[in-house]
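Student: Below is the structure, and that's it, no one-letter string:
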């Protein structure tokens with residue numbers, strides 16, 4: 001899932017939180033990654049985790065072409081309820097706080113829901129690139145802050 005940061009490599013919730021802190025600090029982030037801030041979106045009414053969003057503080061070569069500054073995911077049973085749109089809206093001021101004046105955000109070419117989320121938050125289509133590791137066309141958008 002996009003936007004979940006080091007979730008796949010974590011042994012448990014405590015390890016995941018430790019890894020998120022490690023990835024946020026330029027001194028401790030693994031060398032093949034960039035510093036990133038991870039946010040969990042929890043619905044207040046029932047304390048249910050509905051999604052995650054990650055803000056990458058800068059680019060490496062891969063992110064500059066395919067990944068962008070932001071990755072996000074919404075639980076499958078919580079999709080089509082406006083959570084992704086709200087998560088992205090809430091993340092953009094955090095990007096400004098990091099000193100970014102624009103952010104790149106990407107989605108797989110046929111992910112209409114994600115594209116609508118990006119466009120609803122001011123996304124401007126830039127290009128489509130073929131990502132050879134995933135065998136997917138990736139649409140790239142810029143959002144001016």
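Tutor: Nice, thanks for sending it over. A quick note: this is a predicted structure, and the numbers were derived from the prediction, not measured.
Student: Distance from stretch 77-94 to the middle of the chain?
Tutor: Centroid separation between stretch 77-94 and its chain, computed with C-alpha atoms, centre = their mean, to the nearest Å, is 11 Å.
Student: ugh, typo on my part, it should be stretch 74-87
Tutor: Put simply, stretch 74-87 sits 13 Å off its chain's centre (C-alpha atoms, centre = their mean).
Student: contacts for it?
Tutor: With C-beta atoms under 8 Å, 6 or more residues apart in numbering as the test, stretch 74-87 has contacts from 39, 41, 48-51, 53, 72, 113-114, 116-117, 120-121. To be clear about C-beta, it is placed using only N, CA and C from the backbone, and glycine gets the same treatment.
Student: now it: mean pLDDT?
Tutor: What stretch 74-87 shows for mean pLDDT is 96.
Student: Can you tell me the SS state at the residue lying closest to residue 37 once chain neighbours are set aside?
Tutor: Of all residues not flanking residue 37 in the chain, residue 55 sits nearest, at 4.8 Å (C-beta to C-beta, 6 or more residues apart in numbering). Per DSSP: H, G, I helix; E, B strand; the rest coil, the local secondary structure of residue 55 is strand.
Student: same check, this time on the one 10 residues further on
Tutor: When classified by three-state DSSP, residue 65 comes out as helix.
Student: And for it, the neighbour number?
Tutor: Neighbourhood size, residue 65 [other C-beta atoms under 10 Å]: 16.
Student: re the thing from before, from memory the residue nearest to residue 37 sits against residue 69, does it?
Tutor: Yes: the pair residue 55 / residue 69 is scored as a contact, 6.3 Å apart, by C-beta atoms under 8 Å.
Student: okay, and the common contacts of those two?
Tutor: residue 95.
Student: Can you show me the strands along the chain?
Tutor: Using DSSP state E, the strands of the chain run over residues 36-43, 48-56, 70-74, 102-108, 124-131, 136-144.
Student: No more questions from me, cheers.
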